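Colleague: here you go, sequence then predicted model.
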Amino acid sequence: MTVFGIGISYGLATLLAMFSGMPIAFALGAVAVVFMAIYMPAASLDTVTQNVYEEMASITLLSIPLFILKGAAIGKSRAGQDLYSALHAWLHRVPGGLGVANVFACALFAAMAGSSPATCSAIGSAGIPEMRKRGYSGGFAAGIIAAGGTLGILLPPSITMILFAVAAEKSLGRLFLAGIGPGLLLVSLFGLYAVFRFRKEYAMAKAAYDATGKDAAILQRDEFTMAERFSALPRVIPFVLLLTGVMIALYGGYATPSETAGLGGLLALGLIAVIYSVWKPSDLSPILKSTIRESTMLMLIIGMSLLYSYVMSYLHISQSAAEAIVAMHLPRWELLFAILVMVIVLGFFLPPVSIILMTAPIILPPLRAAEFDIIWFGIVMTIVMEMGLIHPPVGLNIFVIRNVAPDIPLSEVIWGTLPFVLLMMFAVLMLCFFPEISTWLPNLVMGPDGGR
């Protein structure tokens, strides 16, 4: 069979395994092993475990479970709710300040946890009930949290970026720094939309009140004294200092990414022990179980994805696909557009981890040939994958929100997230026209590199 035929059958077999309901890791591993048995020497099956181990024997990947531990320590304590409450106390005078506070809370928590679902769950469990109680529509409240949660894979320390750095063989520190500017851009866009949407819902409620005399919760305003504002800070400041310290250790060259992740995990456990008295085995058990469960799931997906990519490479599927794309001689921006559309389509079905590990061997060679900055592309691809977290049919964050707020109909959640998808598209366009948004900070801190 030709390489083209093998590639088509490989892709169809993968889709069949995915749609069968099999877990992603097992689906990828099963397809890889079957094609190894058919098209590769028999001895290759004896080295499956060795290949998986060698592919995963990366010191950078070690940081993933350690960052997950840090996020679980914060997410399973009251740190997320306290962070949200403090921001609300300081932003309540801003129109839509409660929504803006949730956006900032998601951004800060995402920067500490590195996980989108964890951010949605931790901030949404406190933020959505509060917004609903104050008259925000269900779709608006759900959309803010679902979109804010996506910042978990853009702002450092992002697990998704760790995997992209490994796949692209680029500097993790440079990639982390490149995500800060676009992350702040998305935070600003989400916050501005929250103000705009609040004004619209407030105006509708005010018009209804003037016409019928019926009061609405959204018309009420919270008031906090200066003493109440400052009293909300003591429990939040230590975690902000933790985030700052971890970033200084990483970017200052004082620790490697893995050492930084370990430091962050231990400090997070220490802080929740001191601040929230979470130190008993019964208190730590949910944190450790969550860390082991999520780490095992991710590492299995990573290992099987790497095996899947190894088989693709051995059978020359990825090389042939890259050569075919290059042979089309598309102008560089049309090439980028075609690749991003492919990523969007894959986002309908796959999580960001799988998309990166499955597509990187195919898409990076033609992008390098077209002289795109790979660090810049990593940020653009990350934002496009963020869209996949909040658009149907899979939309992982959508289903997290459904678990946090089961009273909000799924249709409302989906419609509430769509404006944020459009804002992400706008951010991608901004990065295409002004790539300096992502490149200026790593160039300033670490100096310029070739990008390719």
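Modeller: In hand now; what should we look at?
Colleague: got any ranges where the stretch 351-452 of the chain has weak pLDDT?
Modeller: 392-395, 449-452 (pLDDT under 70).
Colleague: recalculate using a threshold of 80.
Modeller: Where the stretch 351-452 of the chain drops to pLDDT under 80, the residues are 351-355, 357-358, 361, 389, 391-397, 399-400, 402-404, 445-452.
Colleague: give me the residue at the spatial middle of the chain.
Modeller: Central residue of the chain (CA atoms, centre = their mean): Ile153, 2.4 Å from the mean position.
Colleague: my guess is it contacts Ser116, does it?
Modeller: Yes. Counting by CB atoms under 8 Å, Ile153 touches Ser116, with 5.5 Å between them. Placement of C-beta: from N, CA and C, glycine included.
Colleague: quick one on the thing from earlier: now do the contacts for the nearest residue to the residue nearest to the centre of the chain once chain neighbours are set aside.
Modeller: Excluding the flanking residues, the one nearest Ile153 by CB to CB, 6 or more residues apart in numbering is Thr160, at 4.0 Å. Residues near Thr160 by CB atoms under 8 Å, 6 or more residues apart in numbering: Ile153, Pro352, Val353, Ile356, Thr382, Met385.
Colleague: distance of Thr160 from Leu192?
Modeller: Distance from Thr160 to Leu192, counting by CB to CB, to the nearest Å: 25 Å.
Colleague: go on, Ser282?
Modeller: Look at Ser282 and Leu192: by CB to CB, they are 44 Å apart.
Colleague: what about the helix or strand containing Asn102, average pLDDT?
Modeller: Element membership for Asn102 (DSSP states H and E) is helix 97-113. For helix 97-113, mean pLDDT rounds to 80.
Colleague: what's the weakest-modelled helix or strand in this protein?
Modeller: helix 317-327 (a mean of 71; mean pLDDT, DSSP states H and E).
Colleague: could you pull out the buried residues of the helix or strand just after that helix?
Modeller: Going down the chain from helix 317-327, the next helix or strand is helix 332-347, by DSSP H and E. Residues Leu335, Leu336, Ile339, Leu340, Met342, Val343, Ile344, Leu346, Gly347 are the ones in helix 332-347 that count as buried (16 or more other CB atoms under 10 Å).
Colleague: equivalent analysis for stretch 217-236, please.
Modeller: Under the neighbour-count criterion of 16+ other CB under 10 Å, stretch 217-236 has Ile218, Ala232, Arg235, Val236 buried.
Colleague: again with stretch 165-175
Modeller: Under the neighbour-count criterion of 16+ other CB under 10 Å, stretch 165-175 has Ala165, Val166, Ala167, Ala168, Lys170, Ser171, Leu172, Gly173, Arg174, Leu175 buried.
Colleague: Ile64 is in contact with the second one, correct?
Modeller: No. The pair formed by Val166 and Ile64 falls short of the contact definition of CB under 8 Å, at 9.9 Å.
Colleague: let me know the pLDDT of Thr244.
Modeller: pLDDT recorded at Thr244 is 78.
Colleague: let me know the average pLDDT across stretch 72-92.
Modeller: 75.
Colleague: ignore what I typed, I meant stretch 14-34.
Modeller: 82.
Colleague: contacting residues around that stretch?
Modeller: For stretch 14-34, contacts defined as CB under 8 Å, 6+ apart pick out 10, 13, 45, 48, 297, 300-301, 303-305, 307-308, 310-311, 349-351, 354, 358.
Colleague: what about these, which are in helices?
Modeller: Within the contacts of stretch 14-34, residues falling in helices by DSSP state H are 10, 13, 48, 297, 300-301, 303-305, 307-308, 310-311, 354, 358.
Colleague: what's the next secondary structure element after the helix or strand Arg197 falls within?
Modeller: Assigned by DSSP H and E, Arg197 falls within helix 172-212. As assigned by DSSP H and E, the chain's next helix or strand after helix 172-212 is helix 226-231.
Colleague: run the chain-centre distance for that following helix.
Modeller: Chain-centre distance of helix 226-231: 33 Å, with CA atoms, centre = their mean, to the nearest Å.
Colleague: Pro156 is in contact with Ala111, isn't it?
Modeller: Yes. With contact defined as CB under 8 Å, Pro156 and Ala111 form a contacting pair (6.7 Å).
Colleague: coming back round to it: and of the buried residues of stretch 165-175, the nearest to Leu429?
Modeller: Proximity of these to Leu429 was ranked by CB to CB; the top entry is Leu175 with 21.1 Å.
Colleague: give me the distance between the closest one and Ser188.
Modeller: Counting by CB to CB, the gap from Leu175 to Ser188 is 21 Å.
Colleague: can you report how many residues neighbour Pro95?
Modeller: Neighbour count for Pro95, taken as other CB atoms under 10 Å: 12.
Colleague: distance-wise, check it relative to Ile325.
Modeller: Going from Pro95 to Ile325 by CB to CB gives 47 Å.
Colleague: what kind of secondary structure is Lys170 in?
Modeller: Counting by DSSP: H, G, I helix; E, B strand; the rest coil, the backbone at Lys170 sits in coil.
Colleague: what sits against it?
Modeller: Neighbouring residues of Lys170 by CB under 8 Å, 6+ apart: Phe164, Ile374, Ile375, Gly378.
Colleague: could you dump those to CSV with secondary structure, neighbour count and distance to Leu422?
Modeller: Formatted as CSV, the contacts of Lys170 follow (DSSP: H, G, I helix; E, B strand; the rest coil; neighbours: other CB atoms under 10 Å; distance: CB to CB, whole Å):
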residue, secondary structure, neighbour count, distance to Leu422
Phe164, helix, 29, 24
Ile374, helix, 19, 27
Ile375, helix, 26, 25
Gly378, helix, 24, 22
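Colleague: closest one of the residues you listed to Ala37?
Modeller: Distance to Ala37 across those (CB to CB) is lowest for Phe164, with 30.7 Å.
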